[in-house]
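# Fold the following and give me the result.
(one chain, ligands or ions: 2)
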Amino acid sequence: MKITDVEVVVTCPGRNFVTVRVSTDEGVTGVGDATLNGRELAVVAYLREHLVPQLVGRDPLRTEDTWQYLYRGASWRRGPVTMTAIAGVDTALWDIKGKVAGLPVYQLLGGRSREAVTVYGHASGATVEEAVASAASYVDRGYRAVRVQSAVPGLDSTYGIGGSSAADARSYEPADAALPTENVWDTEAYLAHAPTLFEAVRRELGPAPRLLHDVHHRLTGNEAARLGKELEPYHLTWMEDPVPAELQDAFRLIRQHTTTPVATGEVFSSIYDCELLIRERLIDYIRTTVVHAGGITHLRRIFDLAALYDVRSGSHGATDLSPVCLAAALHVDTAIPNFGLQEYMPHTPETDAVFPHDYWFEDGLLHVGESPGLGVDIDLDEAATYPYRPASLPVNRLRDGTMFHW
Ligand code: CS2
Ligand code: MG
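Ligands and ions are numbered 1, 2, ... in the order given. A predicted model of the protein is given here:
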């Protein structure tokens, strides 16, 4: 069996997505997500200029050798662009492998370890009251876990704050502007506010729902230790990205001061980014993904390492990861022994029309389909109706204008 063509498809049904589509001489095709939010065209160039020429003619079933060839064959390794490009190819090859075997990919990863995948939804509000009502609406819809974010009094904009309706909830998604919009951040205002949010949510929802919060890389180790301690009475499932992920020693400081569980890793692109955090049990959940951590081949290595240290998966799943990534994630989530949670932000109907799939959501759970391969595809005609649109993630400045983490 040979690879005959590798297409890199860019489409923008409300937001940009990059999809790798591999064709073979036996008529079997496979797809992989290669979307890197705000840096999509960098991945497209890496694929089209550097990887595609190396793929045509290769055996698509040689997923391991192809992964090693694309990784070890590059002197300049790792990083989000490289590993997202490799991920798109790897995922497409796993799709082909499943189709050739006549099996859903989870069967090739060890079979079912669970009947369905527990997800968490995104509750948010411009006020604490709105955020509480939003969280309650997710619980009413059957979600067992809810991430809760609210605006910070005195700040015009804060990460993760959408409207109160499900449709609006995506409105906090990166502004669709070629140049970044500028937000203002105030750490002290945030630290004073966050505990009041969870005091109100717990008072309303009681002890049962699993609550999560995304700090979004904005604190120092000491500030994160303080926040973790102040959130302990509310028993969060996780405090996410408490510090910028590159400050790995800060996780030791957090661990010394608080039992609030920690999750990180959505920006990690390889096992080397998280090996220390896992080995020293500095985190409770690792959030690496199929699309940004080198595909299924590499992600399963990360989760296997994590399993040795009782660290569970908690893969990122915002709407800037396409349905192709989500479908692949569900196959991995269904099979691994140390699954924790899967982030789930429903895509828009326009996006779902571009990426038909067989997974489905019901009662707080996502169910992987039984189709051979990944159970997802790209409708090329539909995709062609949505041309690329330049878009950037926002940037953050402190009140005095100092550039800060977004
Ligand atoms: C966030 C993401 O969902 C999350 O946990 O951190 O929305 C993140 O901001 C975007 O995916 C960045 O592209
Ligand atoms: Mg996050």
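
# what's the residue nearest the centre of the chain sitting at in phi/psi?
When CA atoms, centre = their mean is applied to the chain, the residue found nearest the centroid is residue 316 (2.3 Å). The phi/psi pair for residue 316 (degrees, to the nearest 10) reads phi -60, psi 150.

# again with the one 4 residues further on
Residue 320 adopts backbone torsions of phi -90, psi 0, taken as degrees, to the nearest 10.

# residues contacting the residue lying closest to it once chain neighbours are set aside?
Of all residues not flanking residue 320 in the chain, residue 37 sits nearest, at 3.9 Å (CB to CB, 6 or more residues apart in numbering). Where C-beta positions appear, they are placed from N, C-alpha and C, glycine not excepted. Remark: with contacts taken as CB atoms under 8 Å, 6 or more residues apart in numbering, residue 37 is in contact with 15-16, 174, 320, 393.

# Could you measure from residue 252 over to ligand 1?
Applying CB to the nearest ligand atom, to the nearest Å, the value for residue 252 to ligand 1 is 23 Å.

# before we move on, what SS does that residue have?
helix (DSSP: H, G, I helix; E, B strand; the rest coil).

# so it touches residue 280, yeah?
Yes: the criterion here is CB atoms under 8 Å, and residue 252 meets it with residue 280 at 7.3 Å.

# re the thing from before, let me know the pLDDT of the residue nearest to residue 320.
With respect to pLDDT, residue 37 has a value of 95.

# moving C-terminal of the helix-or-strand element of the chain with minimal mean pLDDT, what's the next helix or strand?
Least confident helix or strand, the chain: helix 166-169 with a mean of 44, by mean pLDDT, DSSP states H and E. Counting by DSSP states H and E, the element after helix 166-169 in chain order, helix or strand, is strand 182-185.

# same for the longest helix along the chain, what does it pack against?
For the chain, the helix with the greatest residue count under DSSP state H is helix 80-101. Counting contacts by 3 or more CB pairs under 8 Å, 6 or more residues apart in numbering; DSSP states H and E, helix 80-101 is packed against strand 3-11, strand 17-24, strand 29-33, helix 40-45, helix 63-72, helix 105-108, helix 295-308, helix 323-335.

# Just checking: what are the partner strands of the first one?
So that's strand 3-11. If you go by DSSP bridges, strand 3-11 pairs up with strand 17-24 (antiparallel).

# Send me the partner strand as CSV with only the CA atoms.
Extracted C-alpha coordinates of strand 17-24, given in CSV (Å, rounded to 0.1, in the frame of the first residue of the first chain):
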residue,chain,number,x,y,z
PHE,A,17,-8.9,24.7,10.7
VAL,A,18,-6.0,22.9,9.0
THR,A,19,-6.7,19.3,8.0
VAL,A,20,-4.3,16.7,6.5
ARG,A,21,-5.9,14.3,4.1
VAL,A,22,-3.8,11.3,3.0
SER,A,23,-4.8,9.3,-0.1
THR,A,24,-3.5,5.9,-1.0
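
# Could you grab the helix/strand/coil label for whatever residue of the stretch 201-350 of the chain ends up closest to ligand 1?
In the stretch 201-350 of the chain, the residue that lies nearest ligand 1 is residue 318 (3.6 Å; CB to the nearest ligand atom). Three-state assignment for residue 318 (three-state DSSP): coil.

# Can you report how many residues lie near the closest residue to it other than its chain neighbours?
Spatially, and ignoring its direct neighbours in sequence, residue 318 is nearest to residue 345 (5.4 Å; CB to CB, 6+ apart). Counted with other CB atoms under 10 Å, the neighbours of residue 345 add up to 20.

# do the same with residue 79
Residue 79 is surrounded by 13 other residues when neighbours are defined as other CB under 10 Å.

# thought it was touching residue 269?
Yes: using CB under 8 Å, residue 79 is in contact with residue 269, at 5.9 Å.

# For residue 255, give its distance to residue 248.
In this view, residue 255 and residue 248 are 12 Å apart by CB to CB, to the nearest Å.

# hey, what's in contact with both of these two?
Common neighbours of residue 255 and residue 248 (CB under 8 Å, 6+ apart) are residue 282.

# Can you get me the start-to-end distance on stretch 347-362?
15 Å (CA to CA, to the nearest Å).

# if we can go back for a sec, and the longest helix of the chain with ligand 1, contact?
No: Helix 80-101 lies apart from ligand 1 when judged by CB under 6 Å from any ligand atom; the minimum separation is 10.4 Å.

# Can you give me the buried ones in that helix?
80-100 (16 or more other CB atoms under 10 Å).

# same deal with stretch 304-324?
Neighbour-count burial for stretch 304-324 [16+ other CB under 10 Å]: 305-307, 311-324.

# got the residues of the protein near ligand 1?
Residues of the chain lying near ligand 1 (CB under 6 Å from any ligand atom): 37, 214, 216, 266, 316, 318, 320, 343, 393.

# could those be laid out in a markdown table, adding distance to residue 137?
Shown next, in a markdown table, are these (distance: CB to CB, whole Å):
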| residue | distance to residue 137 |
| --- | --- |
| 37 | 26 |
| 214 | 19 |
| 216 | 22 |
| 266 | 25 |
| 316 | 23 |
| 318 | 19 |
| 320 | 23 |
| 343 | 18 |
| 393 | 27 |
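
# Looking at the residues you listed, point me to the pair that's furthest apart.
Pairwise distances across the residues of the chain next to ligand 1 (CB to CB) peak at 17.1 Å, for the pair 343 and 393.

# What count of nearby residues applies to residue 58?
18.

# How about the contacts made by it?
Residue 58 neighbours (CB under 8 Å, 6+ apart): 2-3, 66.

# buried subset of the residues you listed?
Buried among the contacts of residue 58 (16+ other CB under 10 Å): 3, 66.
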